[in-house]
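A.B. asks: Model the structure of this input:
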Amino acid sequence: MDMLWNGWGDPAKAAPLPETVTGLLHDLLGVKPRSTPVLGLEDVRPPAVTAAPAALRALAAAVGDEHVRTDAQSRVRHTRGKSTPDLLRLRAGDVSDVPQAVVLPAGHDEVLDVLRACAAHGLAVVPFGGGTSVVGGLAPQRSAFVALDLRRMNGLLDLDPVSRTAVLQPGLRAPEAEALLAAEGFTLGHFPQSFEWATIGGFAAARSSGQASAGYGRFDEMVLALTLATPEGTIETGRAPRSAAGPDLRQLILGSEGAFGVITSVTVRIRPLPEVRVYEGWRFGSFEEGTAALRRLAQDGPRPTVLRLSDETETLIGLAQPDAIGAGLASGGAGCLAIAGYEGTAEDTAYRRERAAAVLADCGGTPAGAEPGERWAHGRYSAPYLRDALLDAGAFAETLETAAFWSRIPDLYTAVRTALTDTLTRAGTPPLVMCHISHVYENGASLYFTVVSAQGEDPVAHWTPAKHAANEAVLAAGGTISHHHGVGTDHRDWYVREAGPLGVSALRAVKRRLDPDGLLNPGVLLPTD
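C.D. replies: Below you'll find the model as predicted:
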């Protein structure tokens, strides 16, 4: 099943906001109902295909006629990603940057053939997995391009129960990967908010981080080997779990977002299926107090599998529990809600839970029982649907994230909130800015911000200066421009500053060697020459 073309996920799961919430949005933020209808897919008219017939024939020779799609619906469904500006433009019928064709290869060799055909005919290539990018990762700076849809490459190629490794194809969606592994008694343990739709290749290409990262690690930590198809040939990395044989080429491919090549297989570390999963809530008097508690667990242990903390505003609104939005306001809730989750054997889970509870209590936390944790687990993938409902109701909703060392977290938190609030208020759409910590490390943590405001007359024009101001605040406060969403085009200019001139020159040299014609996702990750 395809994802909703101008929104998130399964259309059957979309639900409008309750009247109490729309009233709250009006009272708090001045949100007004939409004045223009959302166009249907049948109403959208993409530009005509201009690729040369010879180019389309070469693509068909690589993958078969039936796997080269030039119909309007296929092309529109592969236009951009799922950021709020992406969706607003689609909803308004703006599909000016659709691909010329959608090409569906069945394996590594067919990917190589497609890349050669595109190089011969000057067509750019955008690898397309789940289409869940929220940072412009599917918006190349080239009008003539094809979307390389990897959905046919969706198998479990090998499983080694002795080494606890699995070889997965890039188009395998996360739920399908978990089902295949579970049948053999294993799990990957990677559960980002995009879990229901994102793919293995996308996780690697964007350095994804899942909600259980405190226990299972980030996706880039799970990857043991990669195969990369490029216009110049094949790169295979990873012969052992660790190596001192020079720089690790895996790290060059991870996070490269299709700019260096197309990931065609990923070897990952797997873990036994947990016997038990337990999630519970804790209350802290302030975000500062809760952050100190998370830091102590991250540094001194025991570390839960899931560990996250909502600030006062997010707790009050109830965004930590998307299916109970507004509940905190209605009940007059205060403080900050933390969620701690434990997965593993029954014995180990009980042991870690008891010791972690002692640490959280010692740091000022008050146990809130299982209900907040179970409610979070039940709605852990609901936030993107909530975003669509907010857009339908006339609100603007978007997210951004960063990470920093623990000592810089307070200033980073304040700087980004201030940048967003000041910029949007000056634009006449004062926002509600919420934040949570959802990924912790011994030396630092991530901050994930959610922004809600009225849309204004031109919501994208309102948001762009605020996003840029937030990016500037991130760099000035010592944060990274992205913790797990990636670079895309939205963060590219700030990533260039973060990497520095010499670092960018080195990456450009790599791209020129692997992609001499600059056809792979041009303008994503690195500016075009």
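A.B. asks: where does this structure have low pLDDT?
C.D. replies: Along the chain, the model assigns pLDDT under 70 to residues 319-333.
A.B. asks: One more pass at 90, please.
C.D. replies: 1-2, 11-24, 28, 33-40, 42-43, 142-143, 317-334, 456-457, 462, 529 (pLDDT under 90).
A.B. asks: and the residue in it sticking out farthest from the centre, what is it in contact with?
C.D. replies: In the chain, the residue that sits farthest from the middle, by Cα atoms, centre = their mean, is A54; the gap is 36.4 Å. Residues near A54 by Cβ atoms under 8 Å, 6 or more residues apart in numbering: H121. For the C-beta atoms, the positions are set from N, CA and C on the backbone; glycine is no exception.
A.B. asks: Helix or strand for it, just tell me which one.
C.D. replies: helix 53-63 (DSSP states H and E).
A.B. asks: Parallel or antiparallel, list what pairs with the helix or strand just after that helix.
C.D. replies: Where DSSP H and E defines the elements, the next helix or strand beyond helix 53-63 is strand 68-69. Strand pairing for strand 68-69, determined by DSSP bridges: strand 101-103 (antiparallel).
A.B. asks: Just give the nearest non-adjacent residue to A476, would you?
C.D. replies: A415 (6.6 Å; Cβ to Cβ, 6 or more residues apart in numbering).
A.B. asks: So which bits of the helix or strand containing that neighbour are buried?
C.D. replies: Using DSSP H and E, A415 maps to helix 409-426. For helix 409-426, a neighbour-count test (16 or more other Cβ atoms under 10 Å) marks 409, 412-413, 415-417, 419-421, 423-424 as buried.
A.B. asks: Let's see it as PDB, backbone CA atoms only.
C.D. replies: The C-alpha coordinates for helix 409-426 follow below in PDB (Å, rounded to 0.1, in the frame of the first residue of the first chain):
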ATOM      1  CA  ILE A 409      21.900  21.500  26.500                       C
ATOM      2  CA  PRO A 410      20.400  24.300  28.700                       C
ATOM      3  CA  ASP A 411      21.700  27.100  26.500                       C
ATOM      4  CA  LEU A 412      20.800  25.200  23.300                       C
ATOM      5  CA  TYR A 413      17.200  24.700  24.600                       C
ATOM      6  CA  THR A 414      16.800  28.300  25.400                       C
ATOM      7  CA  ALA A 415      18.300  29.600  22.200                       C
ATOM      8  CA  VAL A 416      16.200  27.500  19.800                       C
ATOM      9  CA  ARG A 417      13.000  28.300  21.700                       C
ATOM     10  CA  THR A 418      13.700  32.000  21.700                       C
ATOM     11  CA  ALA A 419      14.600  32.000  18.000                       C
ATOM     12  CA  LEU A 420      11.400  30.200  17.000                       C
ATOM     13  CA  THR A 421       9.200  32.300  19.300                       C
ATOM     14  CA  ASP A 422      10.600  35.700  18.400                       C
ATOM     15  CA  THR A 423      10.600  35.100  14.600                       C
ATOM     16  CA  LEU A 424       7.100  33.700  14.400                       C
ATOM     17  CA  THR A 425       5.700  36.300  16.700                       C
ATOM     18  CA  ARG A 426       7.100  39.100  14.600                       C
END
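A.B. asks: coming back round to it: close enough to count as contact, the residue nearest to A476 and A477?
C.D. replies: Yes: between A415 and A477 there is a contact under Cβ atoms under 8 Å: 4.2 Å.
A.B. asks: Report the contact partners of the spatially closest residue to A182 that is not a sequence neighbour.
C.D. replies: Take A182 and drop its neighbours on the chain: the residue closest to it by Cβ to Cβ, 6+ apart is L273, 6.0 Å away. Applying Cβ under 8 Å, 6+ apart to L273 gives the contacts 182, 185-187.
A.B. asks: that older thread, from the buried residues of helix 409-426, pick the one nearest V487.
C.D. replies: Within these, proximity to V487 (Cβ to Cβ) peaks at V416, which comes in at 17.7 Å.
A.B. asks: residue contacts, that closest one?
C.D. replies: 400, 402, 435, 447, 449, 470, 473-474, 477, 479.
A.B. asks: Kindly recompute the last result at 7 Å.
C.D. replies: If a contact means Cβ atoms under 7 Å, 6 or more residues apart in numbering, then V416 has 449, 470, 473-474 as its contacts.
A.B. asks: got a winner among those for most neighbours?
C.D. replies: Ranked by neighbour count under the definition other Cβ atoms under 10 Å, the contacts of V416 are headed by V474 with 26 neighbours.
A.B. asks: That one against T402, yeah?
C.D. replies: Yes: the pair V474 / T402 is scored as a contact, 4.8 Å apart, by Cβ atoms under 7 Å.
A.B. asks: shared neighbours of the two, anything?
C.D. replies: I481.
A.B. asks: in which helix or strand would I find T402?
C.D. replies: strand 395-405.
A.B. asks: Can you tell me which helices and strands that strand packs against?
C.D. replies: Applying 3 or more Cβ pairs under 7 Å, 6 or more residues apart in numbering; DSSP states H and E, one finds that strand 395-405 contacts helix 84-91, helix 383-392, strand 444-454, helix 459-476.
A.B. asks: list the helices and strands the next helix or strand after the longest one packs on?
C.D. replies: The reference is to helix 459-476. Tracing the chain past helix 459-476, the next element assigned as helix or strand by DSSP H and E is helix 492-499. Applying 3+ Cβ pairs under 7 Å, 6+ apart, one finds that helix 492-499 makes contact with helix 459-476.
A.B. asks: Break down the stretch 151-300 of the chain into its strands, ranges please.
C.D. replies: Applying DSSP state E, counting those that start in this stretch to the stretch 151-300 of the chain gives strands spanning 156-160, 165-168, 186-187, 223-230, 233-237, 262-269, 271-272, 276-284.
A.B. asks: Out of these, which one sits most buried?
C.D. replies: Mean neighbour count (mean count of other Cβ atoms under 10 Å) peaks for strand 262-269 among these, with a mean of 25.
A.B. asks: what does the helix or strand that contains L309 contact?
C.D. replies: Here L309 sits within strand 306-310, counting by DSSP H and E. Strand 306-310 is contacted by residues 211-212, 214-215, 279, 290-291, 294, 297, 319-320, 336-341, 436-438, 440 when judged by Cβ under 7 Å, 6+ apart.
A.B. asks: got it, and stretch 94-106?
C.D. replies: Here stretch 94-106 has contacts from 44, 46-47, 49-51, 56, 59, 63, 67-70, 74-76, 78-79, 111, 114, 123, 126, 139, 144-149, 151-153, using Cβ under 7 Å, 6+ apart.
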